[in-house]
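Asks: have a look at this fold, sequence not included:
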């Protein structure tokens with residue numbers, strides 16, 4: 001992990017909308033639960049799921065906006081990102097347009113690295129962090145089944161402590177059961193409802 005930069009330059013934190021940060025280790029099922037939540041919220045125009053910009057091709061696992069390293073650098077230097085970071089040999093960013101959604105009072109739901117949480121909590125007025133995690137054996141099985149060669153060193157990814165995922169979280173979802181059930185938990189958090197059953 002390296003550079004983390006937010007381009008929010010307002011003196012006051014950006015609001016009044018909510019920024020819902022989804023974090024967790026590789027293989028925790030973040031993208032699966034996000035897809036389920038997005039489908040459940042498709043008719044709610046006050047909830048936005050922006051596509052991340054990544055220096056990796058999009059896939060069935062992740063519908064990102066793919067840029068080459070040079071294209072990413074040009075967009076970053078042009079100020080096109082609300083935040084950007086590097087992880088596992090790739091560069092990631094959220095589009096600057098999320099600031100307009102948050103200023104309009106919408107909930108913006110994004111999958112981010114844990115390394116950007118502190119910066120985003122400073123830049124935005126209403127941030128909730130949702131950690132999605134799973135037991136280490138489940139993570140290992142999921143990463144092996146995914147077999148995405150752009151994931152980098154799987155052993156390194158698994159070496160990151162599962163407990164670290166929850167360290168800065170407001171809500172933790174242990175995604176070891178039904179994806180539909182855990183997807184509903186995530187939707188309740190996004191909608192600012194009581195999420196425990």
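Replies: Okay, I see it. The structure displayed is predicted, hence computed values, not measured ones. Residues are numbered from 1 along each chain as shown.
Asks: rest of the way, CA atoms for contacts and neighbours
Replies: Fine.
Asks: ok, for the residue nearest the centre of the chain, nearest residue in space, not its chain neighbours?
Replies: The residue lying closest to the centre of the chain (Cα atoms, centre = their mean) is residue 111, at 0.8 Å. Of all residues beyond its chain neighbours, the one nearest residue 111 is residue 22 (4.6 Å), with distances taken as Cα to Cα, 6 or more residues apart in numbering.
Asks: show me what the helix or strand harbouring that neighbour packs onto, helices and strands only.
Replies: Remark: residue 22 resides in strand 18-23, with elements defined by DSSP states H and E. Packing contacts for strand 18-23, counted by 3 or more Cα pairs under 8 Å, 6 or more residues apart in numbering; DSSP states H and E, involve strand 107-111, strand 127-133.
Asks: most packed of these?
Replies: strand 127-133 (a mean of 24; mean count of other Cα atoms under 10 Å).
Asks: strands of the protein, start to end?
Replies: 4-6, 18-23, 47-48, 53-54, 65-66, 81-87, 90-95, 107-111, 127-133, 171-174 (DSSP state E).
Asks: dump the residue contacts of the closest residue to residue 102 other than its chain neighbours.
Replies: Spatial nearest neighbour of residue 102, chain neighbours left out: residue 17 (4.2 Å); criterion: Cα to Cα, 6+ apart. Shown in contact with residue 17 (Cα atoms under 8 Å, 6 or more residues apart in numbering): 101, 102, 103, 104, 105, 106, 107, 108, 125, 126.
Asks: on that earlier part again, make a markdown table out of the strands of the chain and add mean pLDDT.
Replies: As requested, the strands of the chain are exported to a markdown table (pLDDT from 0 to 100):
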| stretch | mean pLDDT |
| --- | --- |
| strand 4-6 | 54 |
| strand 18-23 | 96 |
| strand 47-48 | 98 |
| strand 53-54 | 92 |
| strand 65-66 | 89 |
| strand 81-87 | 93 |
| strand 90-95 | 94 |
| strand 107-111 | 96 |
| strand 127-133 | 95 |
| strand 171-174 | 93 |
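Asks: and these: which comes nearest residue 180?
Replies: strand 171-174 (12.5 Å; Cα to Cα).
Asks: picking up where we left off before, and the helices and strands packed on strand 18-23 as JSON lines, adding distance to residue 121?
Replies: Below are the helices and strands packed on strand 18-23 laid out as JSON lines (distance: least, Cα to Cα, whole Å):
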{"stretch": "strand 107-111", "distance to residue 121": "14"}
{"stretch": "strand 127-133", "distance to residue 121": "6"}
